[in-house]
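>>> following is a predicted model, sequence given first.
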Amino acid sequence: MNSKLLNIKAITLLALSLGLMTACSNDDDNGGNTNPDPEPTTSRWITVAAAKMGEDPGDGNGGTLLYSVSSEDAKDPNVSIEAFDNGFIAPSNRTARLQSSEDGNTIFNISYAGDTGGNYTKYTVEGGQNFTPTGSQVSIAPYVGTAPRWIKLFDGDKTGAAVYVSTEHEIDDNDTPNDTSDDTYLRTDAKMGIVTLDLENSLIKEFQEHNIMLSPEEEAQGYYIGRIDMPVLNAAGNKLYIGADVRKVDTETLERERDYEMLGSKTIVLDYPSLTNPEVITSTVGYGKTNGYRSINAFEYNGSVYQANQNDPEGSHILKIDADNEYDDAYDFNLDEALGVEGAYILAWRPAANGKAVLAYRHDGSAEGLAGAQGFFALVDLNAKTAQKITAIPYDPNFYLFQYQGFVVDGTEIYVTQAPVGQNGNIYVIETETGEVTKGAELINVQGSHFIGTF
Amino acid sequence: MQLKLFILLFLSLANGSFAYSQGYQNTISGKVLDHLDQPILGATVSIDNNLQATLTDKNGIYILKNIPKGKHIVKISYMGYATIFKEIKFTKTRTKKLTLDITLEEDIKSLSQVVVQGKTEKAKIETSGFAVNVVKTKEASLRNIQTNELLNTTVGVKIRQNGGLGSNVEYSLNGLSGSAVRIFIDGIPIATYGSSFSLNSIPPSMIKNIEVYKGVVPGYLTDDALGGAINIVLHKGAKNNLNASVSYGSFNTFQASLNGLYRFKKSGFTVKASAFHNYSDNDYKVSGRSIVVTGLGGVQTPITARRFNDAYRSTGGMAQIGFTNVKWADQFLVGFTGSDDYKEVQHGAFMTIMPYKGRFLESDALLANLIYQKKDLFTEGLDISVNGTYGKRNRMVNDTVAWAYSWNGERAIDFRGNEYQYTWGSQQEGGPTLAKIKRNVASIRTGVSYAINNNHKFLVNHVYTGIDREDSDELRSVLENTFVGTRDLHKNIYALSYELTAFKNKLRVSLFGKHYQQKTINIDPVIGEDSNGNKVIVDEVLSSNNNYDGYGFASSYAITPEITLLASAEKAIRLPNETEVFGNDGDNVVANPSIKPEQSDNYNLGFRFGRYTIQKHGFTVSTNIFTRNIKDKIGLPIETSLNIDDELIVYVNQGGGTSKGIDAQFNYTYNKNFGLNFNVSRFELKIKNNGIEIEAPNTPFFTMNGNLRYSFKDLIQKNSRLNLFYTMYFTDEFSYLPPQGKNTVGDEFFKVPQQLSQDIGISYAFPNKKLVASIDIKNIFDEPIYDNLSVQKPGRAFYVKLNYSINKF
């Protein structure tokens, strides 16, 4: 019943938005189409992403489903969205890694793992389960593997970037290859690959490889960059920042250490668009990794890049990289302090153009639910360095945000999804200026599954 | 609990079996052998048109008691062999014991009975009550059929294979797969032999038959088999024979095998040898969404490609000397098994746009073996058998080519048009490797059985399996290799079985208990200090010793001679392996010494109707309904924000599952020259984690197999025989993803479509009966056959084979 109702709604909406249109833009593939893409002026598509349970509740590996509604419907608590029953299944063996155009009319997907891992596809959003593939097929797998970490750069939906790193321990065997007693550890080499993808024309733009070095002192102690992710452009558009996870090896046994002293948060800086000249910059404020997980971890705002860190022994920080491409160590924004919790851990976040952001986090006091620690949303002010838990959104021990991927920013409003694993929830819309929270459309869940955001 | 009740019930029935006795004291007993002097299991021996009947046991022994005085006709019959009638006579007064040993000759007409069905299996099931299929290899060995293909046509068995000949195989029995299914060669766990001596390489001609036990495994196959066991029974026997075969076909596939045995009649001294060689380029054509050539900018062009890095070669053999059928031993043989294989790897678990070039696996094994078997040792009814294997096996992974290759077999170009190397420096992501695993393996199986009388028998079995494992990688520094741990695994499994035959052989029950003991040892070199305070490398030894018990029963009851009810159940377990106990440094999984074994309560209930004969028509129908209830399934917890950074992941007992389904088989013969077999298997597999149950994805849950055979006699030459064969394999559509909602779109991306593959074959036995030639065409309609989402298997293929055998010299 509900699904039919929703389809009717989707069709009505489509008709409505066609009527509202003041201009038509034809995508490159539908030149002869008499039914052009809707481009509502007052409304935009809100695509809800749902992650179906694979073998374990909350693992999100049983299919990534997409369903689009208008922003009006997204804000309407009387609308219910049954993405698991009526959605479009994004082609990806494990949870798809999604991005959307700034206007919400296009969804970009890179398939994660399996036979098509690394394949880039894009879809025109047409409401409901209607996602029309556009453009030709291209894969970034030859450059960064079949399980790529990729991000859309904020350059007007032109470019995507993905990275890969592999490491190798370098040993001096003192010219006695069979005698280990005089062998000494030199350093661990981190070889990175970075590829940029032309999102508009579905072509590979650029690819470069680099050997990333830390300082000789750090390397001698066994520190190396073990994972990288989350490329972001600086305001000038001439440098690309890549988040990093610094690991440490026991220099005597070459086994990875578990409890070691964390170094200051690091970021790799490259020339853009040439992807050359790698340098590593280090913060003296934060000590966690900066490579995020599945959601964009760093954003440009007001000429600087703001970057979240994770697993910081003092709790997550939001760090600032200034226009000079160095960390601004005068900017100290600690989430433990701002939220008044211990062990704050930023899982995902997204600022609006006003410097106010919605941030998903967990902390040491989070309950442990079906899929790890309970998550919360906070409203953050990057200028005032304040963070406030959003209490108008209900929380449940089985509500987790670790796999959270998407926030829609529409002006000063930010759209989020909230539903504990296996339970129904809602879209919530946060007006970042006032902090006002609107409870939106109901999200109908199925067992073991959850929602991973809006696009 | 339920299982215990069953056992109590059967124990009480056992008491009742003592009650029956008769007035006549005459007894006839003996041994039934085949033309190679191998004992026949399950041959029917009856008196006076089924006044009394019995089946021979696994030693070919039968005994019929309480026979009235006078003349009687003894009838000895077995599928595939000519029935023999003998007249016997018991005189008036004296109690007498007659011995009648029979050698059955093969019946040419019914020889071509290829597969599972027929009296062979019927007999076995009726003897034991287990849900078991006995796969006869005789006909397959004359044709161009691989051992794995033969198993795949067996009801309830599904083979998942990642490509052509020699590629990685996983076996599924009634929905349970992976380490839930244990494979044995003559009762020795196949882990002892490694991949070079496996179902991929051993030709059917070396194998006498294959026993497939589903869910409930008898005591003599002692291992932690959660979902069932496959036992490959190699040829035994003591009659001179020699057979050789060569086969050639599509994809440059060449296979040869040689088996021979010579026994000196006087001394019983026996020499036995087998050898095999397999080679295939496996360069079959593939196409599909990932078979593309990438051009400038990454633009993709779909092509139909030939696989170019998939060759397989295996060579191996077995040589034994000793004594057979002498006073002190039925079999005493010592010898060696050696094998070696090479397998190129075209792709990983999936076919992606990046085919591998230059990645290959090698393995070899050299093992000494010893077999001792004696029936009626010291006293009548006491049988002993010992089978031991000791040796080394090695496995190597070679992946050092960094250049990217394209599906056209040439170097791939990057978006700029230049040939390029992968960032990870190897074909498979993860970096170049020359990893080598060395294992010292030992396995010894001992069985002692004592038959108190015709009704009661006790069996004790023990298997010890030990594996010492050492890993190294030449591409890593010696220093790194120094700190790689070693893993030792020692398993002792004991089984005690009691077999009961009662109510004039109508009821057969086997009760068994199993005790599992597993010791795993992890030796991890660490830096320590000696007494002078100098740093030295010391071994940190962690060990875990666990004991578990399991039990079960199998029973059969003949309601009428044509209707048999079969029931079996087992509380089965799978012991955690060394990685699950100790974790894996490379994957950042740490030890969980308190991990419990996986458990499953397995039940089978079967009926068997037949064999009914109406004039020249004969048919049999059998079916088995099964359930498997798995608890404490071992797995890794999902990645969460809590474990992603601290890397403290441990294997845990986190879930369970159920598999429920039905297997059915139908067998029809007409006038001994037409045969039809059909089987169907359907099940529902559910997995349960954290209290939530879902249908298991990526599981072919509905399969059907059928085959037809028609035999012409004297068609071309007198005394020749021509057989025509047809086989079909059907697998229903299944999805890589769990079932989706009712109105979703995009599901087709994850579907493995319905598959129907059909083979035809012809074989011709020349009048001298020494030479058999056969031609087989597989997948005649060139249908695309897939596994694991997109892994494509060979299309139409042609094979020719010549067999030569001498049975008397």
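Structure's in. What do you need? Numbering: from 1, shown residues only, chains lettered A, B, ... in the order given.

>>> what parts of the stretch 151-300 of chain A come near chain B?
Residues of the stretch 151-300 of chain A lying near chain B by C-beta under 8 Å from any C-beta of the partner chain: A:164, A:166, A:168-169, A:171, A:173, A:177-178, A:180, A:183, A:185, A:191-193, A:198, A:201-205, A:207, A:209, A:252-256, A:258, A:289, A:293. For every residue, glycine as well, the C-beta is placed using N, CA and C.

>>> and the stretch 301-450 of chain A, by the same measure?
A:310-311, A:345, A:347, A:362, A:368, A:370-373, A:400, A:402, A:422, A:446-448.

>>> tell me who's in contact with the nearest residue to residue A:256 once chain neighbours are set aside.
Leaving aside its sequence neighbours, residue A:256 sits nearest to residue A:249 (C-beta to C-beta, 6 or more residues apart in numbering or on different chains; 5.7 Å). Residue A:249 is in contact with A:169, A:185, A:188, A:222, A:224, A:255, A:256, A:257, counting by C-beta atoms under 8 Å, 6 or more residues apart in numbering or on different chains.

>>> in ChimeraX, select just the buried ones from those.
Here is the ChimeraX command that picks out the buried ones among the contacts of residue A:249, judged by 16 or more other C-beta atoms under 10 Å in any protein chain shown:
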select /A:169,185,188,222,224,255,256
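
>>> turn the contacts of residue A:249 into a markdown table, including secondary structure and pLDDT.
As requested, the contacts of residue A:249 are exported to a markdown table (DSSP: H, G, I helix; E, B strand; the rest coil; pLDDT from 0 to 100):
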| residue | secondary structure | pLDDT |
| --- | --- | --- |
| A:169 | strand | 92 |
| A:185 | strand | 93 |
| A:188 | strand | 96 |
| A:222 | coil | 96 |
| A:224 | strand | 97 |
| A:255 | coil | 85 |
| A:256 | strand | 85 |
| A:257 | coil | 87 |
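
>>> can you pull the pLDDT of residue B:129?
In this model, residue B:129 is scored at 84, pLDDT.

>>> gap between it and residue B:506?
Separation of residue B:129 from residue B:506 (C-beta to C-beta, to the nearest Å) stands at 12 Å.

>>> bridged to the closest residue to residue A:153 other than its chain neighbours, which residues?
Of all residues beyond its chain neighbours, the one nearest residue A:153 is residue A:159 (4.6 Å), with distances taken as C-beta to C-beta, 6+ apart. Beta-bridge pairing for residue A:159 (DSSP bridges): residue A:198.

>>> and for the one 10 residues further on?
For residue A:169, the beta-bridge assignment (DSSP bridges) gives partners residue A:188.

>>> sec struct for the residue of the stretch 551-700 of chain B found nearest chain A, please.
At 2.7 Å from chain A, residue B:640 is the closest residue in the stretch 551-700 of chain B, using C-beta to the nearest C-beta. Following DSSP: H, G, I helix; E, B strand; the rest coil, we place residue B:640 in the coil state.

>>> which residue is most remote from the mean position of chain A?
residue A:176 (47.5 Å; C-alpha atoms, centre = their mean).

>>> tell me how many other residues crowd the nearest residue to it once chain neighbours are set aside.
Excluding the flanking residues, the one nearest residue A:176 by C-beta to C-beta, 6+ apart is residue A:182, at 6.0 Å. Residue A:182 has 11 neighbours, counted by other C-beta atoms under 10 Å in any protein chain shown.

>>> quick one: contacts for residue A:182?
A:173, A:174, A:176.

>>> show me the contacts for residue 226.
Since you didn't name a chain, this refers to chain A. Residue A:226 neighbours (C-beta under 8 Å, 6+ apart): A:165, A:167, A:190, A:245, A:246, A:247.

>>> not quite, go with chain B.
B:176, B:179, B:180, B:572, B:573, B:574, B:598, B:599, B:600, B:630.

>>> do residue B:167 as well
With C-beta under 8 Å, 6+ apart, residue B:167 has these contacts: B:161, B:200, B:282, B:310, B:312, B:343.

>>> farthest-separated two in those?
Using C-beta to C-beta, the two most remote members of these are B:200 and B:310, lying 13.4 Å apart.

>>> for the two, indicate the residue with more neighbours.
The residue with more neighbours, out of residue B:200 and residue B:310, is residue B:310; 26 against 21, by other C-beta under 10 Å.

>>> so where is the stretch 551-700 of chain B shaky, pLDDT-wise?
B:585-587, B:646-648 (pLDDT under 70).

>>> enumerate the residues of it near chain A.
So far as C-beta under 8 Å from any C-beta goes, the stretch 551-700 of chain B lies against chain A at B:585, B:588, B:635, B:637-648, B:654-655, B:687, B:689-692, B:694, B:696-697.

>>> before we move on, the earlier item: the residue of the stretch 551-700 of chain B closest to chain A: neighbour count?
There are 20 residues near residue B:640, going by other C-beta under 10 Å.

>>> with residue B:771 instead?
13.

>>> tell me which residues touch the residue in chain A that chain B sits nearest to, please.
Going by C-beta to the nearest C-beta, chain B is nearest to residue A:372 of chain A, at 2.7 Å. If you count contacts by C-beta under 8 Å, 6+ apart, residue A:372 has them with A:58, A:362, A:400, A:402, B:638, B:640, B:641, B:642, B:643.

>>> could you redo the last one with a cut-off of 6 Å?
A:400, A:402, B:640, B:641, B:642 (C-beta atoms under 6 Å, 6 or more residues apart in numbering or on different chains).

>>> if we only consider the residues you listed, which is nearest to residue A:82?
Of all the contacts of residue A:372, residue A:400 has the smallest distance to residue A:82: 21.4 Å, by C-beta to C-beta.

>>> my read: that closest one touches residue A:371, true?
Yes: using C-beta atoms under 6 Å, residue A:400 is in contact with residue A:371, at 4.9 Å.

>>> what ranges does chain B have for its helices?
Under the criterion DSSP state H, chain B contains helices at B:2-16, B:119-128, B:138-142, B:147-152, B:478-482, B:578-582, B:643-646.

>>> for the fourth one, packing partners?
Applying 3 or more C-beta pairs under 6 Å, 6 or more residues apart in numbering or on different chains; DSSP states H and E, we find helix B:147-152 packed against strand B:157-161.

>>> how does it look with 10 Å?
strand B:132-136, helix B:138-142, strand B:157-161, strand B:169-173, strand B:207-214, strand B:228-234, strand B:721-731 (3 or more C-beta pairs under 10 Å, 6 or more residues apart in numbering or on different chains; DSSP states H and E).

>>> got a list of contacts for stretch A:212-221?
Contacts to stretch A:212-221, defined as C-beta atoms under 10 Å, 6 or more residues apart in numbering or on different chains, come from residues A:165, A:167, A:170, A:184-192, A:223-225, A:228, A:242, A:244, A:246, A:248-249, A:251, A:260-261, A:263, A:266, A:268, A:278-280, A:282.

>>> are any of those buried, and if so which?
Looks like these have A:165, A:167, A:185, A:187-192, A:223-225, A:228, A:242, A:244, A:246, A:248-249, A:251, A:263, A:266, A:268, A:278, A:280, A:282 buried, using 16+ other C-beta under 10 Å.

>>> relative to residue A:150, how far out is the residue nearest to residue A:153?
11 Å.

>>> find residues that contact each of the two.
Contacts common to residue A:159 and residue A:150, judged by C-beta under 10 Å, 6+ apart, are A:197, A:231.

>>> before we move on, back to that, tell me the one of the contacts of residue A:182 nearest residue A:352?
Nearest member of the contacts of residue A:182 to residue A:352, counting by C-beta to C-beta, is residue A:173, at 55.8 Å.

>>> nearest residue to the closest one other than its sequence neighbours?
residue A:183 (5.1 Å).

>>> burial of the one you found, as a residue count?
20.

>>> what does the stretch 701-809 of chain B have sitting close to chain A?
Within reach of chain A by C-beta under 10 Å from any C-beta of the partner chain, the stretch 701-809 of chain B has these residues: B:735-750, B:788-791.

>>> repeat that with 8 Å
Proximity of the stretch 701-809 of chain B to chain A, by C-beta under 8 Å from any C-beta, involves residues B:736-738, B:740-747, B:749-750, B:789-790.
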